[in-house]
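Asker: Quick check, what structure comes out for this input:
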Amino acid sequence: MTKKLIYCLCLVIGAAAGSAYADVLYCLPKLATGFFKEDGKWQQGNFKGKRFTIKFDEDSTSVKISTDSSTYSCVRAYSGSPGAEGSLLCLSPYQNGEALLFNPVTRRYHLSNPSLHSWVVEGGDTSTIEIGTCEKF
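Answerer: Residues are numbered from 1 along each chain as shown. Sure, this is the predicted structure:
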């Protein structure tokens, strides 16, 4: 009897944890670029974006991105801008400028990953920007 009760409790807790997030979206980049400084000159990098998944919570106040182990906090963006209604701006908890801008209607995204080292240390990490679209699994 106790085993059955524990099993049922685990199922309920697992279902509640799983339902805290909405659908998983599969995102494919269309364009990606980056910037770096080498030999005293700014240059544009040649990048290919990597596909990833995103999963918003039920009220779209946070998102999990498969390429990052953290959860980004989201707010509504561009309120009142025609065509951008419902867009979300999601920021990394590391306060490093990493951001996902997502339109749930068109499922287009803009992912930016600025690097402090791209402008402080010559030849350091590259700041990148990527755009693309997402679709349901």
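Asker: Toward the C-terminus, what is the element adjacent to the lowest-mean-pLDDT helix or strand in the chain?
Answerer: In the chain, no helix or strand scores lower on mean pLDDT, DSSP states H and E than helix 2-18, which sits at a mean of 38. Using DSSP states H and E, the helix or strand that follows helix 2-18 in sequence is strand 21-38.
Asker: With adjacent residues omitted, what lies nearest to Lys48?
Answerer: Counting by C-beta to C-beta, 6 or more residues apart in numbering, Lys48 lies nearest to Ala32, which is 6.2 Å off, once chain neighbours are set aside. For glycine as for every other residue, the C-beta is placed from the backbone atoms N, C-alpha and C.
Asker: Report the beta-bridge partner residues of that neighbour.
Answerer: Beta-bridge pairing for Ala32 (DSSP bridges): Glu130.
Asker: repeat for the one 10 residues further on
Answerer: On the basis of DSSP bridges, Trp42 takes part in beta bridges with Lys37.
Asker: Could you check how many residues crowd around it?
Answerer: Residues near Trp42, counting by other C-beta atoms under 10 Å, number 10.
Asker: That one reaches Phe35, doesn't it?
Answerer: Yes. Taking contacts as C-beta atoms under 8 Å, Trp42 lies within contact range of Phe35: 6.2 Å.
Asker: Can you get me a residue count around the residue nearest to Lys48?
Answerer: Ala32, neighbours per other C-beta under 10 Å, totals 17.
Asker: Return the residues in contact with it.
Answerer: Going by C-beta atoms under 8 Å, 6 or more residues apart in numbering, Ala32 touches Phe47, Lys48, Gly49, Thr128, Ile129, Glu130, Ile131.
Asker: Now render the residues you listed as a markdown table, adding distance to Ser81.
Answerer: Output for these, formatted as a markdown table (distance: C-beta to C-beta, whole Å):
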| residue | distance to Ser81 |
| --- | --- |
| Phe47 | 28 |
| Lys48 | 30 |
| Gly49 | 25 |
| Thr128 | 25 |
| Ile129 | 20 |
| Glu130 | 22 |
| Ile131 | 17 |
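Asker: Looking at neighbours, which among those residues is most surrounded?
Answerer: That'd be Glu130 among these, by other C-beta under 10 Å, with 22 neighbours.
Asker: Kind regards, and thank you for your time.
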